[in-house]
Each structure stands twice: as structure tokens, then as C-alpha cells.
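Undergrad: Quick one, what's the 3D model for this:
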Amino acid sequence: MEPVEINAGNWYLLARELDAWADDTAYGWSVSESTTADVQATITLLPDGALSGTAIDGHTDALDAARAAVTRFATGGLGLTVRDA
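TA: Residues are numbered from 1 along each chain as shown. Take a look at the predicted model:
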């Protein structure tokens, strides 16, 4: 799959690990604050719908927004049922 970048309001999800995208083994994003571009979290979706992520201390809001955006992408765009990894 081609990498997908997602706008999640106050955060941008920028594709990372592009080889994994090309191989369809994992879809990962860095979650950056929209005005400073500081990375505040990372999130990964596996082709089986497993979703995992981590946030820098104090930035769970970024991870929560990313989880919601990636879940919408996975269910609406890929037809996956998302579950916690």
C-alpha cells in the first residue's frame, strides 16, 4: 500500500517505516503537533487490525486523537476491524 498521511485536527500523522507499508506488513505514523511539528506519539496498525501506540509523557491527547483517526481509516478505508494489540 502507498503510505497515507492523516490530518487529525491538532495533529498530523506522518507515515513512517515506508518499507513496511510497501510490503503490507505494518502501517506506522509519527504523530506531530500541527503548529510545531514536534513528534508527540507514534502509532502502528497491522494488517490484521491490531493497533498500538505510545505517547511522550504528557501527550496522551495526541495518541488518543491518532487512535481515533487511524481507527476511522482502518474501518472505512481498509475494511478492518480494529483491536488493541
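Undergrad: Need phi/psi at Asn10.
TA: phi -80, psi 0 (degrees, to the nearest 10).
Undergrad: Tell me which residues touch it, please.
TA: The contact partners of Asn10, taken as CB atoms under 8 Å, 6 or more residues apart in numbering, are Glu33, Ser34, Ala62, Ala65. In short, each C-beta sits where N, CA and C put it, glycine included.
Undergrad: Just give the nearest non-adjacent residue to Ile56, would you?
TA: The shortest distance from Ile56 to any non-neighbouring residue, by CB to CB, 6 or more residues apart in numbering, is to Gln40 (5.4 Å).
Undergrad: Helices of this protein, start to end?
TA: Using DSSP state H, the helices of the chain run over 18-23, 60-72, 78.
Undergrad: which of those helices sits most buried?
TA: Using mean count of other CB atoms under 10 Å, the stretch among the helices of the chain with the largest mean neighbour count is helix 60-72, at a mean of 18.
Undergrad: per-residue confidence averaged over that one?
TA: Helix 60-72 shows a mean pLDDT of 98.
Undergrad: One more: stretch 20-35?
TA: Mean predicted lDDT for stretch 20-35 stands at 97.
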